[in-house]
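# here are the coordinates; sequence isn't available:
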């Protein structure tokens, strides 16, 4: 996969098939669209191009309504490449881009800059100033200028329509396992490891405090997941929320990496959350807490002993 930021060096993007969208989460609905896109491009030996935006347009137009992101822009590009796209084009979102009408966007970007042969979109695609362009408009524009146009059908999993908003709702209620099924890969938190109270170390369960996380953090709870350190994966027990046993109300993300020894303070840590183990609760004593933590680690080992089916790890 080739990553292009902005309009420099876009020759690799030209003359192929393109899909445009925010692609937040790169979930199974997006993946269905990418399957059509890559099939089209490979059949004609031309590039497949996924075009996304940084930041999300709503962050400029109506920042107070901007939803929490499911993926960082780098993670999004990585996933788009993993699902077969040849080129990921990240366009910087600015007022000039957002001021283009649907017709101007089509002429300037689709036909002008990209010289696209065709487009592949989902059924709920909108583009142009005030979201004036939709599937009907795009189909007409493509037909008028000889571009092919495909609309990927909506995708359901467990009788649930797959969408970024549905996945956010699931994560916000702690139903990570269901969200993962809709995503098709694990939900990732990325942050810097900061200095905490080091209470976990005194209990015999050292934790990495994950800070400056820019994506949606699931509901409070203890989760099973994977932590990535220097390209190595370690099982992880992840505590999200306050620590009521020690009368700490601040919400934190604490990650205990099983079978890991080393100092990662100040390092970036990727944590893939797989499923919820239990709720956060107050324990009557330190010994009761320590006993529960041992049970939590045993649960994490058990839950992660067999890879989840039909889910791409990482």
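Good, I have the coordinates. Please read these numbers as outputs of a predicted model, since none were measured by experiment.
# Can you name every helix or strand that the helix or strand harbouring residue 120 contacts?
Take DSSP states H and E as the rule and residue 120 turns out to sit in strand 118-121. Strand 118-121 is packed against strand 17-20, helix 28-44, helix 135-144, strand 148-151, with contacts defined by 3 or more Cβ pairs under 8 Å, 6 or more residues apart in numbering; DSSP states H and E. All C-beta atoms are positioned from the backbone trio N, CA, C, and that covers glycine.
# most tightly surrounded among the ones you listed?
Of those, the one with the most neighbours on average (mean count of other Cβ atoms under 10 Å) is strand 17-20, at a mean of 26.
# what about residue 228, is that helix, strand or coil?
Residue 228 carries the three-state label strand when classified by DSSP: H, G, I helix; E, B strand; the rest coil.
# Report the contact partners of it.
Applying Cβ atoms under 8 Å, 6 or more residues apart in numbering, one finds that residue 228 lies in contact with 234, 269, 270, 271, 272, 314.
# Show me those residues that map onto strands.
Using DSSP state E, the subset of the contacts of residue 228 located in strands is 234, 269, 270, 271, 272.
# of those, closest to residue 287?
Top of the list for closeness to residue 287, among the ones in strands among the contacts of residue 228 and by Cβ to Cβ, is residue 234 at 26.5 Å.
# Let me know whether the closest one touches residue 208 as I believe.
No - in this structure, residue 234 sits apart from residue 208 without contact. The criterion is Cβ atoms under 8 Å, and the distance is 10.7 Å.
# which one of these two has more residues nearby?
Residue environment comparison for residue 234 versus residue 208 gives the larger neighbour count to residue 208, 27 against 15, counting by other Cβ atoms under 10 Å.
# List the contacts of the more buried one.
Taking Cβ under 8 Å, 6+ apart as the definition, contacts of residue 208 comprise 193, 227, 254, 255, 256, 257, 264, 265, 269.
# Any of those buried? List them.
By neighbour count, with 16 or more other Cβ atoms under 10 Å, these hold 193, 227, 254, 255, 256, 257, 264, 269 as buried.
# Give me the next element, helix or strand, following the least confident helix or strand in the chain by mean pLDDT.
Taking mean pLDDT, DSSP states H and E as the measure, the helices and strands of the chain show their lowest mean at helix 199-203, namely a mean of 64. Moving toward the C-terminus from helix 199-203, the first helix or strand encountered (DSSP H and E) is strand 208-211.
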